[in-house]
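Participant: Provided below are the primary sequence and the corresponding predicted coordinates.
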Amino acid sequence: MPEPTCAKCGTAMELGEAREYLGQELCEDCFLDALTITKTCDPWAVHTAKSLKDLPGGQTLTPLQQRLYDLVKERGELPMLEAAAQLGLTEDELRREFAPLRHMEMLRGCKKENLVYLTLF
Ligand SMILES: [Zn+2]
C-alpha cells in the first residue's frame, strides 16, 4: 500500500497520521487549517494575518494571542488542550486564536503521541 499523502498539500504522511476531513485524507497541519477555517466561518483571521504580515516591523496581536504566544514561548511547546486550559478557553476558541498566529508563522501545531502540541514556528 502506498504511503498516504495529504489531499491538500501533498505531504507524505506516516500511516495513521492522516486525519480524515470531509472524506479527504489530510496531514495534521491542513486538518487544523480546515477545522479553524470551517468552524469559525470567519475569514477575518486569515485576512488580518495576511494584512498584518505586510505591515513593516511586526504584528499586532490581540492580548489573548499575545498571551498564547508568550505561553508557548515560555514552555517551548505544550499540548493544545493544556494551552486552552491555561488561558481559560475551549479548544475551539483556542484554535481561533491560534489560526492567525499560525498564518503569521509565529506558532505551529505538531502532533506527538496523539496529542496536538503548540510550538514556536
Ligand atoms: Zn497537508
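Facilitator: Now that the structure is in, tell me what you want to look at.
Participant: ok, and the closest non-adjacent residue to residue 117?
Facilitator: residue 77 (4.9 Å; C-beta to C-beta, 6 or more residues apart in numbering). Just so you know, the C-beta spots here come from the backbone N, C-alpha and C atoms, and that holds for glycine as well.
Participant: Pull the number of nearby residues for the one you found.
Facilitator: 15 (other C-beta atoms under 10 Å).
Participant: Specify the next element, helix or strand, located C-terminal of the helix or strand of the chain with the lowest mean pLDDT.
Facilitator: The weakest-scoring helix or strand in the chain, judged by mean pLDDT, DSSP states H and E, is helix 44-54 (a mean of 49). Later in the chain than helix 44-54, the nearest helix or strand by DSSP states H and E is helix 63-75.
Participant: Surely residue 109 is in a strand?
Facilitator: Yes - the assignment for residue 109 by DSSP: H, G, I helix; E, B strand; the rest coil puts it in a strand.
Participant: how about it, what does it touch?
Facilitator: Residue 109 sits next to 28-29, 32, 80, 98, 102, 116-119 when contact means C-beta atoms under 8 Å, 6 or more residues apart in numbering.
Participant: Could you dump those residues into TSV and include neighbour count and distance to the ion?
Facilitator: Below are the contacts of residue 109 laid out as TSV (neighbours: other C-beta atoms under 10 Å; distance: C-beta to the ion, whole Å):
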residue	neighbour count	distance to the ion
28	18	8
29	18	5
32	23	10
80	19	18
98	28	17
102	21	13
116	18	14
117	20	17
118	26	18
119	15	17
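Participant: Just the ones of those in helices?
Facilitator: 28-29, 32, 80, 98, 102 (DSSP state H).
Participant: picking up where we left off before, would you list the contacts of residue 109 in CSV and tack on pLDDT?
Facilitator: CSV is the format used below for the contacts of residue 109 (pLDDT from 0 to 100):
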residue, pLDDT
28, 84
29, 84
32, 82
80, 92
98, 92
102, 88
116, 87
117, 89
118, 92
119, 91
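Participant: Residue 4 is in contact with residue 15, isn't it?
Facilitator: Yes - with contact defined as C-beta atoms under 8 Å, residue 4 and residue 15 form a contacting pair (6.9 Å).
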